[in-house]
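K.L.:
any chance you could fold what I've pasted below:
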Amino acid sequence: TLTRKLKEKFSAKGKFIYQIGETYGSPELIGSYVNTGQLDAQFDFNLYDALVATLCREEVGCQRIVDELEKSLDAYGHHHLMGNITGNQDRGRFISYAGGALRFDENAKVAGWTREVGVGDEVAYNRSQLLMALISTLPGLPVIYYGDEIGSYGGNDPDNRKMMRFSGLSAQEEQLKQMTSELLNYRKNSLPLIYGDIRIHQVEGNMLVYSRNYLGESVYVLINTGDESQQISLNPMADQSIPEESFRSTAMSSENGYLTTTLPPHSFEILY
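P.N.:
From the prediction side, this is the model:
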């Protein structure tokens with residue numbers, strides 16, 4: 001195959017090439033192309049669909065993410081190179097679903113041809129930040145479809161292939177871009193986020209708390225996908241480090257071994 005030939009060409013020169021593929025189907029089908037001599041990874045569409053449903057639809061709780069995540073972990077392991085995507089050319093833009101400009105019960109390709117598909121409600125930018133936080137902290141590699149880091153909007157192909165905008169961004173687009181950059185910079189310097197296993201600590205309704213753990217060092221991720229504030233109490237694991245810093249400088253209190261903080265609607269925090 002071309003994949004195998006490319007690997008052989010680069011290996012002969014002492015170079016490494018990372019190849020990621022695109023296959024729709026079950027984790028077993030997707031994973032069947034990931035092995036020695038073939039692909040290094042694939043887009044994890046099943047996890048992506050769970051993220052979109054949970055972040056964009058209030059009635060879908062975070063258990064949906066956990067259920068799909070467990071399937072991915074069973075299929076690919078805790079330490080894998082699968083792509084955690086923000087979107088691709090075969091889907092309507094995430095931010096348009098997040099803001100309600102695209103409906104889940106309509107044909108996103110037809111929508112792109114027949115009307116101007118925008119962002120919709122401005123809560124879409126907060127939901128986009130949540131998506132960036134999740135793909136940056138879950139096992140796998142964050143893969144950003146161009147423009148999602150600034151909130152590019154649109155329906156399905158070809159409406160999701162507009163020219164990239166490098167200037168003239170709104171304040172919300174700049175904020176999303178900055179948050180994306182900060183998350184990715186934090187991830188590349190965090191051993192738990194690169195190599196760590198994952199443990200689910202709390203999942204209830206619109207709240208999700210998990211940690212990534214590596215050699216006694218832990219990073220805790222707190223997610224609130226709902227439209228109301230959530231108070232979260234966390235009991236750090238005895239065999240792991242106790243968080244002392246917060247990524248977004250959210251106030252924390254400590255009592256009887258528990259860390260407590262309050263997350264605003266549609267927000268996240270990372271404790272480390």
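K.L.:
tell me the contacts of Leu102?
P.N.:
92-93, 96, 108, 111, 117, 120, 155 (C-beta atoms under 8 Å, 6 or more residues apart in numbering). All C-beta atoms are positioned from the backbone trio N, CA, C, and that covers glycine.
K.L.:
show me what contacts Ile200?
P.N.:
66, 208-210.
K.L.:
same question but for Thr86, I mixed them up
P.N.:
Per C-beta under 8 Å, 6+ apart, neighbours of Thr86: 94, 131-132, 135, 142-145, 148-149.
K.L.:
quick one: Met164 and Gly147 touch, right?
P.N.:
Yes: counting by C-beta atoms under 8 Å, Gly147 is a contact partner of Met164 at 5.7 Å.
K.L.:
higher neighbour count, these two?
P.N.:
Relative neighbour count places Gly147 above the other of Met164 and Gly147, with 21 against 9, counting by other C-beta atoms under 10 Å.
K.L.:
contact partners for that one?
P.N.:
Counting by C-beta under 8 Å, 6+ apart, Gly147 has contacts 93, 162, 164-165.
K.L.:
how about TSV for those, with secondary structure added?
P.N.:
Output for these, formatted as TSV (DSSP: H, G, I helix; E, B strand; the rest coil):
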residue	secondary structure
Arg93	coil
Lys162	coil
Met164	coil
Arg165	coil
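K.L.:
which one of the residues you listed is nearest to Gly31?
P.N.:
Here the nearest of these to Gly31, counting by C-beta to C-beta, is Arg93; it sits at 27.3 Å.
K.L.:
so how far is Ser32 from that closest one?
P.N.:
30 Å (C-beta to C-beta, to the nearest Å).
K.L.:
higher neighbour count, these two?
P.N.:
For Arg93 versus Ser32, neighbours defined as other C-beta under 10 Å are more numerous around Arg93 (31 against 15).
K.L.:
pLDDT below threshold where in the chain?
P.N.:
Counting by pLDDT under 70, the chain contains low-confidence ranges at 238-239.
K.L.:
can you pull out the strands in it?
P.N.:
Under the criterion DSSP state E, the chain contains strands at 20-21, 41-42, 83-85, 141-143, 197-204, 207-214, 217-224, 230-234, 253-255, 258-263, 267-271.
K.L.:
please parse the protein into its domains.
P.N.:
2-191, 196-271 (automatic domain parsing).
K.L.:
ok, back up a step: among the contacts of Ile200, which ones are buried?
P.N.:
Buried subset of the contacts of Ile200 (neighbour count, 16 or more other C-beta atoms under 10 Å): 66, 208-210.
K.L.:
from these, which two are the most distant?
P.N.:
Val66 and Val209 (10.7 Å).
K.L.:
what sits in contact with each of these two?
P.N.:
Common neighbours of Val66 and Val209 (criterion: C-beta under 8 Å, 6+ apart): 200, 203.
K.L.:
which stretches in the protein count as helices?
P.N.:
Secondary structure of the chain by DSSP state H: the helices cover 2-12, 27-31, 45-56, 63-76, 94-98, 108-114, 123-137, 171-188, 191-195.
K.L.:
report the buried residues of the first one.
P.N.:
To tie it back to what came earlier, the one meant is helix 2-12. Lys7.
K.L.:
got the CA positions of it in PDB?
P.N.:
Extracted C-alpha coordinates of helix 2-12, given in PDB (Å, rounded to 0.1, in the frame of the first residue of the first chain):
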ATOM      1  CA  LEU A   2       1.000   3.700  -0.300                       C
ATOM      2  CA  THR A   3       1.000   4.000   3.400                       C
ATOM      3  CA  ARG A   4       3.500   1.100   3.800                       C
ATOM      4  CA  LYS A   5       5.700   2.400   1.000                       C
ATOM      5  CA  LEU A   6       5.900   5.900   2.600                       C
ATOM      6  CA  LYS A   7       6.900   4.400   5.900                       C
ATOM      7  CA  GLU A   8       9.600   2.300   4.200                       C
ATOM      8  CA  LYS A   9      10.900   5.300   2.300                       C
ATOM      9  CA  PHE A  10      11.200   7.500   5.400                       C
ATOM     10  CA  SER A  11      12.500   4.700   7.700                       C
ATOM     11  CA  ALA A  12      15.300   4.000   5.200                       C
END
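K.L.:
many thanks, I have nothing further to ask.
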